[in-house]
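**Student:** what shape does this take:
(2 chains, ligands or ions: 3)
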Amino acid sequence: MSKKGVNIKIDELNTDVGFIKNLQLSFCKLIAETWTEPMGPTPFPSLTALREWDLKLLQRYKPFYLPYCDVCCLCTFGKCDLTGDKRGACGINMSAQQSRIVLLACCIGAATHIGHARHLLEHLIEKFGHNYPLDVGGLNIKVEAPVTRLVCGVKPETLGDLEEVLDYVETQVTHLLSVAHTGQEGSNLDFESKVLHAGMVDHVGMEVADIAQIAAYGFPKADPEALLVDLGYGTINVEKPVILCIGHNVVPSIGIIDYMKDNGHDGEIEVCGLCCTAHDITRYYKRGKIIGPISWQLRFIRSGVPDVVVLDEQCVRADSFFEAQRIKAPVIVASEKNCMGLPNRTNDPADIIVEDLLNGKAPGALILDPEKVGEVAVKLALKVAPLRKKFKVIPEVDEVIQRAKECRQCNDCRRACPQDLHIPEAMKAAATGNLAKLADLYELCVGCGRCEHACPVGLTVHSFIVKAGEKKLKEETYKVRVGRGAIQDVEIRNVGSPIVLGEIPGVVAVVGCSNYPKGGQEVAEICTEFANRRFIVVTSGCSAMSAAMYKNEEGKTPYEYFTGEFTSGCLVNVGSCVSNSHIAGAAIKIANIFAKRNLRANYEEIADYILNRVGAVGVAWGAYSQKAASIASGFWRLGVPVIVGPHGIKYRRMLLGRADREEDWYVYDARTGEKVYVGPTPEHLFYTAETKEEAMVMIAKLCMRPNDTMKGRAIKLTHYVDLHKRLYGTMPEDIHLFVRTIADVPVTMKDEIVKILEEKGWKETVIPDPTLLPRMIRKKKE
Amino acid sequence: MVAAEPWQTAEVPGPKKALVVTKPEIVTAMIKKAKHPILVVGHKAVETELNKKKLIDLMIELAKKAKIPVVATAHIVSEFHKRKYKPAGFMPAVDIGNRLVDAEWSGIDGKGPHDLALFVGLPYYMEWTILSGLKHFAPNLKTITLDNVYHPHASWSFPNTSVKDWVENLRVIIEKFEEGGK
Ligand code: SF4
Ligand code: SF4
Ligand code: SF4
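**Tutor:** Ligands and ions are numbered 1, 2, ... in the order given. All right, here's what the predicted structure looks like:
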């Protein structure tokens, strides 16, 4: 197999036939294979190659659709009313339409990561060459790209090798997107299977992006002791010029950092970030600072602290250019994906751009050369900072009080607020000079700004809240462990056995954005609770930031008191959104390194292994984006359940198991071919929790797997029952579904549980060698 | 006026919208008419104070008088127990929604499919999406929301009403039941 693209690039060539400029040639050629593992059944899988596996999952975890509205408005036949069993003019029905929208969302998410990966890779190849080696963890990592190896069946060794991997995933996304066209797929289950495909290729794209940047930029290489760096508004030295970078593509930020260092300005300027760019800045530059999650965009810009705002791509507020103008901070946009209507100044001399931005001739510039971004941003920041004097748009207390008196108590703000925050009440109190109620909203507010657009008298509600919460904002000084990247092979070896046997009760991945129902504190609580319970806790993205924002009595953040090693009782920050691939990678490596299952293009078997044996759960408490949807779907196909916070119900459908349907919970015993009842383990594949308490109990429950040993199951049950009792105030009613033999019952809870078992008419079952794949049965039943 | 507009401004429904409950007696009548109603109570019933009582207390009163089996969602089952009331079941909100779309499900008490589901106390956006799922995929089920906000995807909903009117509405619904049921 292994096609490798060879690119030849000739800038200038003088030949007999003439002068050639900018010639690029690409060849595809077969190269010698260095990976000796035999090729598995599904290299570079097509849209339908894994359909059977998907249908198995979907048979057990049937979609429950929660339509956002009754109509479809995708084509000019419509709008069509799809209420109930009506069909649209194209013949589609509501369930297929819902899964079509989910597919669209996942394609957007996957394309976003993959487009980002392509951009990054092209840039890195140009800078470092095709043959630059993919070192993501030195001797500690032999399986450098587990997702890619599993899906594609290739073992990339250099940056150049990643190109064909991206060729494949790009092609798949194009096919998948085309499926969403009117008059293609008509079955909801086939749409769902394609959703899973989108998620799978998304994980490959994320992996490509992250391993490329880790290798080329020297980010921490699977380092359990990655540095602790500063996080929070309060860590910014406002006396210095401040450059704020927002987005997910670190390349322009690296241009800034390099320019600064190369020109003797290191230490003179604060370089800080919001969203995943911030994680990646700190992976490159230890003085880099993270302001906070995506929802801090408005509050931090409005604070007036940034002197120059640099926008790259993904999760950048569409009004951030406007907001930056309000604080008179010039803006540089640095991505083709996000030009913000600004003129392309890429080919202009840096000093002229600086001059134009400085004297207000232009409020912003599009610069598509990251090195030029660096030069312009640094020069501009040094010059603009003394002039701006941190001009802010957050009103003073007096003004808040005065303006609050104009509030009509109309409730429009509250009705616009996704959190249903009691803003009118807070305004009423503010009008009397008491800002405490507004301050209470500070941590609950997701910073969306909808309230302000709704207010008929033009009150800048969000700014008022930030003013009221200013003390908290300014005190935000935390430590977060830098995104470490992959998990080492040796760490996998060490934890593989206790995870698979159930002695480490589970791996909890707390990931995603900050659309939290009740503020980020719940994320920190979830992480802390499970790390204290000796689960393996990993984080990424905005959730990794939120987890850092709460200190214990000693003033320490969770990253300071939990280890960064991938082991029982840890808090591991893998990094930015694209680093989520390492979490999937860790699950895959457990099957491969610990259990020695073949990895190469052997997707079904590995996913079957993970579903039945690896007690991993994803938690996206504040999931908001399409990327979050596709990341989740990549986990589902691998057999990892995902819990989302209540806003996640707006993803339009859940994948729910039915614990009450016994027939859904049979697996084959690979030893005998018998079908064995294993209980609802794991009960759901995609699930919305209404409250943090519900999520925590469900995390413990979804970590149970058919393969748990008796000791392991007893440990898992202990956590489930214990959390259930504490948070629900009662015993779980389904405990009998998880006890296979009396030895599964935790000793300390024996009397209580045995009593329930008796009441429920429980019968002992066997613990099989579980699989859903008939081909894995070793000795077929006669 | 208290128009039948969704509470959350942008939650514009499609062609099929909830009928507005203009008089609370209608709800009582519908419960009485139903063969096997069910009451789903979300966690906000514990957070919501109505005239020194909590919403959950009113729901217990209603459930007892109307003899409706209750499902407590999220983590609030213990709040029922504290009030010496044992709900018929407790389960995640999405689970109860998912069971209600299954026409073959034998109900929370095993007494057969439910024909009427009353909802109260879920986060607004969770309730509207679950009601939407039921509107589309549970054709034989009628839904009523007892919240004081308009839920476009229910079969029947109150309009956006003040807390004062809400309490009054709930009081009337409960009082219209004789002690002990229908
Ligand atoms: S795509 Fe189909 S359902 Fe949608 S508007 Fe067009 S005809 Fe109607
Ligand atoms: S900015 Fe905050 S208060 Fe305003 S609508 Fe958004 S979440 Fe609500
Ligand atoms: S929208 Fe404006 S006027 Fe109306 S209640 Fe809110 S803050 Fe007051």
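
**Student:** mind listing what A:P641 touches?
**Tutor:** A:V617, A:G618, A:F635, A:P682, A:E683, A:H684, A:L685, A:F686, A:Y687, A:L702 (C-beta atoms under 8 Å, 6 or more residues apart in numbering or on different chains). Every C-beta, even on glycine, is put in place using the N, C-alpha and C of the backbone.

**Student:** again with A:F391
**Tutor:** By C-beta under 8 Å, 6+ apart, the contact set of A:F391 is A:G304, A:I327, A:K328.

**Student:** please redo it, this time with the cut-off set to 10 Å
**Tutor:** A:G304, A:D307, A:R326, A:I327, A:K328, A:A329 (C-beta atoms under 10 Å, 6 or more residues apart in numbering or on different chains).

**Student:** picking up where we left off before, farthest-apart pair in the contacts of A:P641, please.
**Tutor:** Taking C-beta to C-beta as the measure, the contacts of A:P641 reach their widest spread between A:F635 and A:E683, a distance of 15.5 Å.

**Student:** these two: which is more packed in?
**Tutor:** For A:F635 versus A:E683, neighbours defined as other C-beta atoms under 10 Å in any protein chain shown are more numerous around A:F635 (28 against 25).

**Student:** give me the pLDDT value at the more buried one.
**Tutor:** We have a pLDDT of 98 for A:F635.

**Student:** what do you get for the one 3 residues further on?
**Tutor:** On pLDDT, A:L638 comes in at 98.

**Student:** A:D54 is in contact with that one, correct?
**Tutor:** No. The pair A:L638 and A:D54 does not pass the contact test of C-beta atoms under 10 Å, sitting 11.6 Å apart.

**Student:** which of the two has more neighbours?
**Tutor:** A:L638 (26 against 23).

**Student:** need the contact list for that one.
**Tutor:** Residues near A:L638 by C-beta under 10 Å, 6+ apart: A:147, A:150, A:196, A:199-200, A:203, A:584, A:587-588, A:591, A:603, A:606-611, A:614, A:616.

**Student:** looking at those, which are in strands?
**Tutor:** A:A616 (DSSP state E).

**Student:** are any of the contacts of A:L638 buried, and if so which?
**Tutor:** A:147, A:150, A:196, A:199-200, A:203, A:584, A:587-588, A:591, A:603, A:606-611, A:614, A:616 (16 or more other C-beta atoms under 10 Å in any protein chain shown).

**Student:** residue in the stretch 201-350 of chain A nearest to ligand 3?
**Tutor:** Ranked by C-beta to the nearest ligand atom, the top residue of the stretch 201-350 of chain A for proximity to ligand 3 is A:L298, at 16.5 Å.

**Student:** state the distance from the residue of chain B found nearest ligand 1 to A:T83.
**Tutor:** Distance from ligand 1 to each residue of chain B (C-beta to the nearest ligand atom) is smallest for B:G14, at 12.0 Å. For B:G14, the distance to A:T83 equals 6 Å [C-beta to C-beta, to the nearest Å].

**Student:** identify the contacts common to the two.
**Tutor:** Common contacts of B:G14 and A:T83, defined by C-beta under 10 Å, 6+ apart, comprise A:P67, A:C69, A:D70, A:V71, B:S132, B:K135, B:H136.

**Student:** from the residues you listed, which has minimum pLDDT?
**Tutor:** Out of the shared contacts of B:G14 and A:T83, that is A:C69, at 86.

**Student:** what's near enough to touch that residue?
**Tutor:** Applying C-beta under 10 Å, 6+ apart to A:C69 gives the contacts A:K79, A:L82, A:T83, B:E11, B:V12, B:P13, B:G14, B:P15, B:S132, B:P152, B:H153.

**Student:** who's in contact with the helix-or-strand element of chain B with minimal mean pLDDT?
**Tutor:** When the helices and strands of chain B are scored by mean pLDDT, DSSP states H and E, strand B:49-50 comes last with a mean of 91. Residues external to strand B:49-50 that are found in contact with it (C-beta under 10 Å, 6+ apart): B:L55, B:D57, B:L58, B:N148, B:V163, B:K164, B:W166, B:V167, B:L170, B:R171.

**Student:** include distance to A:P220 and secondary structure when you put the residues you listed into a markdown table, please.
**Tutor:** Output for these, formatted as a markdown table (distance: C-beta to C-beta, whole Å; DSSP: H, G, I helix; E, B strand; the rest coil):
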| residue | distance to A:P220 | secondary structure |
| --- | --- | --- |
| B:L55 | 50 | helix |
| B:D57 | 54 | helix |
| B:L58 | 55 | helix |
| B:N148 | 52 | coil |
| B:V163 | 53 | helix |
| B:K164 | 59 | helix |
| B:W166 | 55 | helix |
| B:V167 | 58 | helix |
| B:L170 | 57 | helix |
| B:R171 | 62 | helix |
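
**Student:** pLDDT score assigned to the residue nearest the centre of chain B?
**Tutor:** Centroid-nearest residue in chain B, with C-alpha atoms, centre = their mean: B:F119, separated by 2.1 Å. With respect to pLDDT, B:F119 scores 98.

**Student:** that one falls within a strand, correct?
**Tutor:** Yes. The assignment for B:F119 (DSSP: H, G, I helix; E, B strand; the rest coil) places it in a strand.

**Student:** tell me the contacts of it?
**Tutor:** B:F119 neighbours (C-beta under 10 Å, 6+ apart): B:38-42, B:71, B:73, B:93, B:96-97, B:126-128, B:130-131, B:134, B:143-147, B:151, B:154, B:157.

**Student:** which regions of chain B lie under the pLDDT threshold?
**Tutor:** Chain B contains residues with pLDDT under 70 at B:1-3, B:179-182.

**Student:** ligand 3 versus the nearest residue to A:R597 once chain neighbours are set aside, what's the distance?
**Tutor:** Using C-beta to C-beta, 6 or more residues apart in numbering or on different chains and skipping residues adjacent in sequence, the residue nearest A:R597 is A:A591, 4.7 Å away. Separation of A:A591 from ligand 3 (C-beta to the nearest ligand atom, to the nearest Å): 53 Å.

**Student:** related to what we said a few turns ago, for the residue nearest to the centre of chain B, list each beta-bridge partner.
**Tutor:** Beta bridges link B:F119 to B:V40, B:T145, judged by DSSP bridges.

**Student:** out of the shared contacts of B:G14 and A:T83, list just those in strands.
**Tutor:** A:V71.

**Student:** adding distance to A:H181, write the shared contacts of B:G14 and A:T83 out as CSV.
**Tutor:** CSV is the format used below for the shared contacts of B:G14 and A:T83 (distance: C-beta to C-beta, whole Å):
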residue, distance to A:H181
A:P67, 20
A:C69, 21
A:D70, 22
A:V71, 18
B:S132, 25
B:K135, 27
B:H136, 23
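
**Student:** closest one to ligand 3 out of the shared contacts of B:G14 and A:T83, please.
**Tutor:** Checking the shared contacts of B:G14 and A:T83 against ligand 3 by C-beta to the nearest ligand atom gives A:C69 as the nearest, at 24.7 Å.

**Student:** need the phi and psi values for that closest one.
**Tutor:** Dihedral angles of A:C69 (phi, psi; degrees, to the nearest 10) stand at phi -150, psi 180.

**Student:** how about the host helix or strand of A:G115, does it reach chain B?
**Tutor:** Using DSSP states H and E, A:G115 sits within helix A:94-128. Yes. Helix A:94-128 lies within reach of chain B by C-beta under 10 Å from any C-beta of the partner chain, at A:M94, A:S95, A:Q98.

**Student:** quick one, grab the pLDDT at the residue of the stretch 201-350 of chain A closest to ligand 3.
**Tutor:** Confidence at A:L298, expressed as pLDDT, is 96.

**Student:** helix, strand or coil for the closest residue to it other than its chain neighbours?
**Tutor:** Among residues not flanking A:L298 along the chain, A:G447 sits closest, at 4.9 Å (C-beta to C-beta, 6+ apart). Under three-state DSSP, the three-state class of A:G447 is coil.
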